[in-house]
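In: No letters, just coordinates:
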DNA sequence: TCAGATACGGATAAATTTATCCCTATTGAA
DNA sequence: TTCAATAGGGATAAATTTATCCGTATCTGA
């Protein structure tokens, strides 16, 4: 496991939320879990762009920050379900608003992003 | 300048907004510019944790994504002022809400983050 | 019996982001 | 005259994040 070499600043709300939500797939994970895709394999299928490994890592971080919880069923083959804690649920409207902004401005964003990929 | 080696997925609103807002200091930059700290040197003072260089880089990206604009005054010593475009302004309430969530849960977040820095 | 589903994590490589250091230019103040 | 302030960017190093590959285990179905 990787060990940080610098300590983060925690001065304002943005710093704080950044520490728990800044990770490429974290908001998507929270969102999909909230939508009912609770098993790791389901989440992997919903987010094909991410490797299985990163999702595990980021789920673990979300868990350590108490945004999600995890139920392990003692069966074979293994079955695991993630769920949002109340703390995690309080983020859902925020993530919804963020995604909504992206959807509202889809066309424009697409053009801008494409343009800047080249150049 | 760094050149990407992979192309991003742009499937949903979260992907799209991620492309323009995912950068450690971008939301802070937008926020402070909106609060009236428009000159690069002011922004650097407001965000001491970031190097001058990254702020320049991220400001440039924000500009290329049309979230901020820039006025260059032809004076010496140089004077530059950034401002939010209408597009950028439409993000302000969102950033406000995100920061507000962080502020609301400050105590809990602080404890959780500290705990996970060690372990 | 062998492939595939299920879930997890170590080791290492690659990609990406951020930091450091250095250079350009000019003016005003000590 | 020398230093600080102003703004910006290249080159390179360091930190961090993400991907790839492999190994553990057990059951089901072809």
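Out: Structure received. Predicted model only: the values in this text are computed from it and were never measured.
In: In a helix, residue A:72, correct?
Out: No: counting by DSSP: H, G, I helix; E, B strand; the rest coil, residue A:72 is not part of a helix but strand.
In: For residue A:62, which non-adjacent residue is closest in space?
Out: Excluding the flanking residues, the one nearest residue A:62 by Cβ to Cβ, 6 or more residues apart in numbering or on different chains is residue A:68, at 4.6 Å. Yep, even glycine has a C-beta here, placed from its N, CA and C like the rest.
In: Can you report phi and psi for that neighbour?
Out: Backbone torsions for residue A:68, taken as degrees, to the nearest 10, come to phi -130, psi 160.
In: Tell me if I'm right that it and residue A:34 touch.
Out: No: using Cβ atoms under 8 Å, residue A:68 makes no contact with residue A:34, being 9.8 Å away.
In: Neighbour count: the two, which is higher?
Out: A count of neighbours by other Cβ atoms under 10 Å in any protein chain shown puts residue A:68 above the other of residue A:68 and residue A:34, at 23 against 18.
In: Distance of the residue nearest to residue A:62 relative to residue B:77?
Out: 51 Å (Cβ to Cβ, to the nearest Å).
In: just residue A:97 next, same as before
Out: 41 Å.
In: got it, and residue A:4?
Out: Taking Cβ to Cβ, one finds residue A:4 at 38 Å from residue B:77.
In: Which one of those two is surrounded by more residues?
Out: residue A:4 (7 against 4).
In: For the residue most central in space within chain A, which non-adjacent residue is closest in space?
Out: Most central in chain A under Cα atoms, centre = their mean is residue A:26, positioned 1.4 Å from the mean C-alpha point. Of all residues not flanking residue A:26 in the chain, residue A:58 sits nearest, at 5.4 Å (Cβ to Cβ, 6+ apart).
In: is it true that that neighbour lies in a strand?
Out: No: in this structure, residue A:58 is helix, not part of a strand, as judged by three-state DSSP.
In: shaky segments in chain A?
Out: Low-confidence segments of chain A, defined by pLDDT under 70: A:118-119.
In: what does chain A have sitting close to DNA strand C?
Out: A:1, A:39-41, A:52-53, A:56, A:60, A:70, A:72, A:77-80 (Cβ under 7 Å from any atom of the strand).
In: from those residues, which would you call buried?
Out: Buried subset of the residues of chain A next to DNA strand C (neighbour count, 16 or more other Cβ atoms under 10 Å in any protein chain shown): residue A:40.
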